[in-house]
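>>> 3D model of this:
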Amino acid sequence: MKNLVVGKSYYTPNYGGVANVELVEIIDNQTALVRNKKGVEFKKSIRWLFENRDEAKHSGRKWENAKRKSKKK
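Model prediction:
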């Protein structure tokens, strides 16, 4: 598990590139509740939260492939 701090900002890949989100709560070992800049809260896998913007940017393709595979199930 990553060392995540509640209230800190992290970067996550999305379809438009990279988004900046704030960690609200850690739900379990794999899922976290985050808030975007508009104040919308949603669940996100801890796997896709990064402290470095470049890491999030380079993981974008893997994230898209994982999203496609999860929709096929």
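>>> and the residue nearest to residue 51 when sequence neighbours are not counted, which helix or strand is it part of?
Leaving aside its chain neighbours, residue 51 sits nearest to residue 10 (6.3 Å; criterion: C-beta to C-beta, 6 or more residues apart in numbering). Every C-beta, even on glycine, is put in place using the N, C-alpha and C of the backbone. According to DSSP states H and E, residue 10 maps onto strand 9-14.
>>> just want the angle from the helix or strand following that strand to strand 9-14.
Downstream of strand 9-14, the next assigned helix or strand under DSSP H and E is strand 17-26. For strand 17-26 against strand 9-14, the angle by axes from the mean of the first three to the mean of the last three C-alpha atoms, to 10 degrees is 130 degrees.
>>> who does the helix or strand following strand 17-26 touch, helix- and strand-wise?
Next along the chain after strand 17-26, taking DSSP H and E as the criterion, comes strand 31-35. Applying 3 or more C-beta pairs under 8 Å, 6 or more residues apart in numbering; DSSP states H and E, one finds that strand 31-35 contacts strand 17-26, strand 41-45.
>>> just put those in JSON lines and tack on mean pLDDT.
What follows is the helices and strands packed on strand 31-35, written out as JSON lines (pLDDT from 0 to 100):
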{"stretch": "strand 17-26", "mean pLDDT": "96"}
{"stretch": "strand 41-45", "mean pLDDT": "95"}
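>>> circling back to that earlier point, so what sits opposite the residue nearest to residue 51 in the bridge?
Beta-bridge partners recorded for residue 10 (DSSP bridges): residue 21.
>>> enumerate every residue touching it.
Contacts for residue 10 (C-beta atoms under 8 Å, 6 or more residues apart in numbering) come out as 4, 20-23, 34, 49-51.
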